[in-house]
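A.B. asks: sequence unknown, structure follows:
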């Protein structure tokens, strides 16, 4: 696959050179220099959550540690974007996403784009093709379905300490395998009869690799990843349909240095989703299946060892296999949207004594609404309930039930 991608890049480069030569011979006007524009978003949320957050604590007695019920959460980014169209008609662009809050990963995405009649090429730190082309359950409020479920379980709904829930599919997107915004090269075909194909190659699950001198193979990471996405969108009279399918696969770390991968495997993920819209109504959902995507030491009841990051040490215990799905229905009338969503995700893999059959589960749903006050200005509200269960064997301890409501101001610029 790597050889094929390199060959594709070489063909595109050759096409650029050939076209540029023809353009200069015709004395075409020079392209304008890249001009940087600023965009982004700011989301501010106020919430109240009633939850138990029952954790393993010390021994088998457990403790109860309720988080503060009233929370103020936010998510904001500033985007720097630039684009120019060359004399030969090919567009060259860039995008850098700056987190507007202090985080460990201050630059979210940073990548370049080449686009023309041949399709679109992206290279740099960004999401893979299977993620970008995926279709999921529709939702009226940002932060409920798909990636939003992860926001709830991470920021509002506490995870039991005896749970490996962080390695449970808590959304229905393939970057949960650890890829996310790691450096990659992607190609997207032009859309034909509603269909589009996207392919990505990921050298290593390692983000923000800067400087040519610092790029070298790290045997402690999952590597040589490949993702593929298929997307279809088409309107048939008053009915519009959108559907997608995705696949991702990575190679396990080498058995060198301090790592032992005797029980590891090459992780894989499969994803499918669809939506149908008619007369203001939209219904849809998606399903994700992941295989061998994390490893947990035998008898471990704490968080599983994640796949991502350089220097990953790799537990030599059992592998986790998980699946998740979401369902949603929305109705749009004028500037308002209302909806209902449901999510269910779990993993299995731990079968040793001291674990609840190796099962972690996240289940929840929400009734949501959004209203557009003006261009780029929206308010939203939701009432939600989530049930989080860890893998500890002690009954009634390793779990959390949470019910709450949230309202937010969403600003896009």
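C.D. replies: Looks like it came in fine. Predicted, not measured: the structure shown is a model, and the values here were computed from it. Residues are numbered from 1 along each chain as shown.
A.B. asks: quick one: low-confidence parts of the stretch 251-400 of the chain?
C.D. replies: By pLDDT under 70, the weakly predicted segments of the stretch 251-400 of the chain are 254-264, 293-320, 349-359, 390-398.
A.B. asks: what do you get if the cut-off is 50, keeping everything else the same?
C.D. replies: 257-259, 296-317, 351-357 (pLDDT under 50).
A.B. asks: can you check the stretch 1-150 of the chain too?
C.D. replies: Screening the stretch 1-150 of the chain residue by residue with the criterion pLDDT under 50, one finds the ranges 1-28, 57-60, 144-150.
A.B. asks: which residues of it fall in helices?
C.D. replies: 2-25, 129-132, 147-151 (DSSP state H, counting those that start in this stretch).
A.B. asks: what do you get for the stretch 251-400 of the chain?
C.D. replies: Counting by DSSP H, counting those that start in this stretch, the stretch 251-400 of the chain has no helices at all.
A.B. asks: all strands of it, in order?
C.D. replies: Secondary structure of the stretch 251-400 of the chain, counting by DSSP state E, counting those that start in this stretch: strands at 268-278, 281-291, 295-296, 318-319, 321-333, 336-348, 360-374, 377-389, 399-412.
A.B. asks: what's the most buried one of the ones you listed?
C.D. replies: Highest mean neighbour count of these: strand 295-296, a mean of 26 (counted as mean count of other C-beta atoms under 10 Å). All C-beta spots, glycine's among them, are computed from the backbone N, C-alpha and C.
A.B. asks: rewinding a little: relative to residue 82, which of the strands of the stretch 251-400 of the chain is closest?
C.D. replies: Distances from residue 82 to each of the strands of the stretch 251-400 of the chain were compared by C-beta to C-beta, and the smallest falls on strand 399-412, at 19.3 Å.
A.B. asks: check contacts around the nearest residue to residue 141 once chain neighbours are set aside.
C.D. replies: By the measure of C-beta to C-beta, 6 or more residues apart in numbering, the closest residue to residue 141 outside its immediate chain neighbours is residue 368, 3.6 Å from it. Applying C-beta atoms under 8 Å, 6 or more residues apart in numbering to residue 368 gives the contacts 139, 140, 141, 144, 338, 339, 340, 341, 380, 381, 382.
A.B. asks: okay, these in CSV with distance to residue 42 next?
C.D. replies: Output for the contacts of residue 368, formatted as CSV (distance: C-beta to C-beta, whole Å):
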residue, distance to residue 42
139, 20
140, 20
141, 16
144, 19
338, 24
339, 23
340, 27
341, 24
380, 14
381, 18
382, 19
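A.B. asks: beta partners for residue 289?
C.D. replies: Using DSSP bridges, the beta-bridge partners of residue 289 come out as residue 270, residue 323.
A.B. asks: that one: what's it in contact with?
C.D. replies: Applying C-beta under 8 Å, 6+ apart, one finds that residue 289 lies in contact with 269, 270, 271, 322, 323.
A.B. asks: tell me the bridge partners for the residue nearest to residue 376 when sequence neighbours are not counted.
C.D. replies: Distances taken as C-beta to C-beta, 6+ apart put residue 412 closest to residue 376, at 4.3 Å, once the chain neighbours are dropped. Counting by DSSP bridges, residue 412 is bridged to residue 41.
A.B. asks: begin at 35 from here
C.D. replies: In the new numbering, first residue 35, that becomes residue 446.
A.B. asks: contact partners for residue 446?
C.D. replies: With contacts taken as C-beta under 8 Å, 6+ apart, residue 446 has the following neighbours: 74, 75, 410, 411, 412.
A.B. asks: please tell me how far it sits from residue 408.
C.D. replies: 11 Å (C-beta to C-beta, to the nearest Å).
A.B. asks: can you check residue 241 too?
C.D. replies: Applying C-beta to C-beta to residue 241 and residue 408 gives a distance of 36 Å.
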